[in-house]
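**Student:** Model the following, please.
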Amino acid sequence: MIGISVHNSRRMITTIALCFLVALMEGLDLQAAGIAAPGMAVAFGLEKMHMGWVFSAGILGLLPGAFAGGWLADRIGRKRVLMGSVALFGLFSLATAQAWDFTSLVGARFFTGVGLGAALPNLIALTSEAAGPRLRGTAVSMMYCGVPLGAALAACIGIAVFSAGWQVVFYVGGLVPLLIVPLLGIYLPESEAFRERQCQADSAHTSIVQGLLRDGAALPTLLLWTSYFFTLMVVYMLINWLPSLLVGQGFSSPQASWVMFALQIGAAVGTLLLGALMDRLPPLAMAALIYLGMLASLAALGVSSQLESMLLAGFVAGLFATGGQSVLYALAPLFYRTEVRATGVGTAVAVGRLGAMSGPLVAGKMLALGTGTAGVMLASGPGIVVACVAVFYLLGRSRKSQHA
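**Tutor:** Residues are numbered from 1 along each chain as shown. Below is the predicted model:
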């Protein structure tokens, strides 16, 4: 028994560590366009609406990537799909740095997004299944902490090599994932829960509709979709537009990168802190903490004029916005059986990407209409309230199922 326990612990630690590395590069590539935006806009002569399309092209790619990545993983395995998706976003991050016009730039960002989107459901499924029900929330939070840390790394690259050109962050975001792929092939164990399920004859007979919308899964699925949509809308609005908004408010590009660094450090802290509080606070308190904190930090970002106050507002925004997102990722696997878990998570992530895609476009349109930074931040308020209500019910249902 001790040998089995040690073996399982090693598998879990190895899985979390390798998935953390992938999450680190996912975070860097997700943030890269926002960090490089001022330089890209100058290099290609792009207006705000054009930049909105560059941001949204990457997020649009996340949508089919998340759905296809989850669906394929439940059929051919989490490990193989994860390796392919990491290779894909690495290659097209390099292609972004080599773009020659607006069309090639949008195309490269789209296919980078496909790879990024396919990776995330598999990171969540592998980590949650390696950890088991008791440690699932903590393990997913630890893994997902790599995303904001990777985004912080992108901000550091923006600070350190700003004069070297906007392409540098994409070179880093392309070469390192390609180096990680062989490590995944050699050291990453396939999910034991998936292998056991593959051995059962009825595994092929569970349809997507049955897994997501029947046997009590319909309400959690719809609540997950709602909360993912509105939460990711705000998160990606911040990731993509905040550097450009700050430059427009009179901050320098290095100062904007420092604010993004503070936001992502706050996100890393929030991912771990809110993940630890998830099973300890009552559902209403947890939902209120996440979304009231998000509203307050967005308001502060809209009115701050000094670098010090903007750094603090950015830290708090990351703590609640991305930290709250990590709670959603830890919640999703709880509501689905093994044979549809990656599909369920992938579908929820895909719906969230619709919100993520709409956020930068809405912000770009509002800025083009002259509403200013404060108007963009305040416009996200109603969606945050809706997401708060959905998360409250999800937390309550997960708590009841654990005690049943």
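**Student:** what's the average pLDDT for the host helix or strand of A43?
**Tutor:** Mapping A43 onto the secondary structure by DSSP states H and E places it in helix 2-44. The predicted model gives helix 2-44 an average pLDDT of 82.
**Student:** Just want the angle from the following helix or strand past that helix to helix 2-44.
**Tutor:** Sequence order places helix 48-76 as the next helix or strand after helix 2-44, per DSSP H and E. If you take axes from the mean of the first three to the mean of the last three CA atoms, to 10 degrees, helix 48-76 sits at 150 degrees to helix 2-44.
**Student:** Name the spans of the stretch 151-300 of the chain whose pLDDT lies under the cut-off.
**Tutor:** 161-164, 193, 196-216, 239-240, 279 (pLDDT under 70).
**Student:** Please, where are all the helices along it?
**Tutor:** Assigned by DSSP state H, counting those that start in this stretch, the helices in the stretch 151-300 of the chain fall at 168-187, 192-198, 208-213, 218-248, 253-277, 283-303.
**Student:** Would you mark the buried spots in the host helix or strand of E308?
**Tutor:** Using DSSP H and E, E308 falls within helix 307-331. Neighbour-count burial for helix 307-331, counted by 16 or more other CB atoms under 10 Å, picks out 310-331. For the C-beta atoms, the positions are set from N, CA and C on the backbone; glycine is no exception.
**Student:** quick one: that helix to helix 2-44, angle?
**Tutor:** Using the same axes, to 10 degrees: helix 307-331 against helix 2-44 is 130 degrees.
**Student:** Can you name the element that comes right after helix 307-331?
**Tutor:** By DSSP H and E, the next helix or strand past helix 307-331 is helix 338-368.
**Student:** Would you mark the buried spots in that next one?
**Tutor:** For helix 338-368, by 16+ other CB under 10 Å, it's 338-364, 366-367.
**Student:** Check stretch 46-66 too.
**Tutor:** Applying 16+ other CB under 10 Å to stretch 46-66 flags 46, 48, 50-66 as buried.
**Student:** what's the answer for stretch 232-252, then?
**Tutor:** 232-247, 251.
**Student:** Send over it as CSV, restricted to the C-alpha atoms.
**Tutor:** Extracted in CSV, the C-alpha atoms of stretch 232-252 (Å, rounded to 0.1, in the frame of the first residue of the first chain):
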residue,chain,number,x,y,z
LEU,A,232,-13.4,35.7,-19.1
MET,A,233,-14.9,38.7,-20.9
VAL,A,234,-13.5,40.9,-18.2
VAL,A,235,-10.2,39.0,-17.8
TYR,A,236,-9.4,39.2,-21.5
MET,A,237,-10.4,42.8,-21.8
LEU,A,238,-7.8,43.5,-19.1
ILE,A,239,-5.1,41.3,-20.6
ASN,A,240,-5.4,42.7,-24.1
TRP,A,241,-6.4,46.4,-23.7
LEU,A,242,-4.9,47.5,-20.4
PRO,A,243,-1.3,48.2,-21.7
SER,A,244,-2.7,50.3,-24.6
LEU,A,245,-5.2,52.1,-22.2
LEU,A,246,-2.4,53.0,-19.8
VAL,A,247,-0.3,54.4,-22.7
GLY,A,248,-3.3,56.4,-23.8
GLN,A,249,-3.6,57.8,-20.2
GLY,A,250,-0.1,59.1,-20.4
PHE,A,251,1.9,56.3,-18.9
SER,A,252,5.0,55.1,-20.8
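**Student:** so how far is it off the chain centroid?
**Tutor:** How far stretch 232-252 lies from its chain's middle: 17 Å, per CA atoms, centre = their mean, to the nearest Å.
**Student:** Tell me who's in contact with the nearest residue to G383 once chain neighbours are set aside.
**Tutor:** Among residues not flanking G383 along the chain, F230 sits closest, at 3.7 Å (CB to CB, 6 or more residues apart in numbering). By CB atoms under 8 Å, 6 or more residues apart in numbering, F230 lies in contact with 355, 383-384, 386-387.
**Student:** go on, G323?
**Tutor:** Contacts of G323 by CB under 8 Å, 6+ apart are 266-267, 269-271, 273-275, 290.
**Student:** returning to that earlier point: most surrounded residue in the contacts of F230?
**Tutor:** A387 (27 neighbours; other CB atoms under 10 Å).
**Student:** That one: which element?
**Tutor:** helix 381-403.
**Student:** chain center to stretch 27-46, what's the gap?
**Tutor:** Worked out by CA atoms, centre = their mean, stretch 27-46 lies 18 Å from the chain centre.
**Student:** same question, stretch 249-262
**Tutor:** 22 Å.
**Student:** Might you report the residue contacts of the closest residue to S253 other than its chain neighbours?
**Tutor:** Nearest non-adjacent residue to S253, counting by CB to CB, 6+ apart: P38, 5.3 Å away. P38 makes contacts with 166, 243-244, 247, 253, 256, as judged by CB under 8 Å, 6+ apart.
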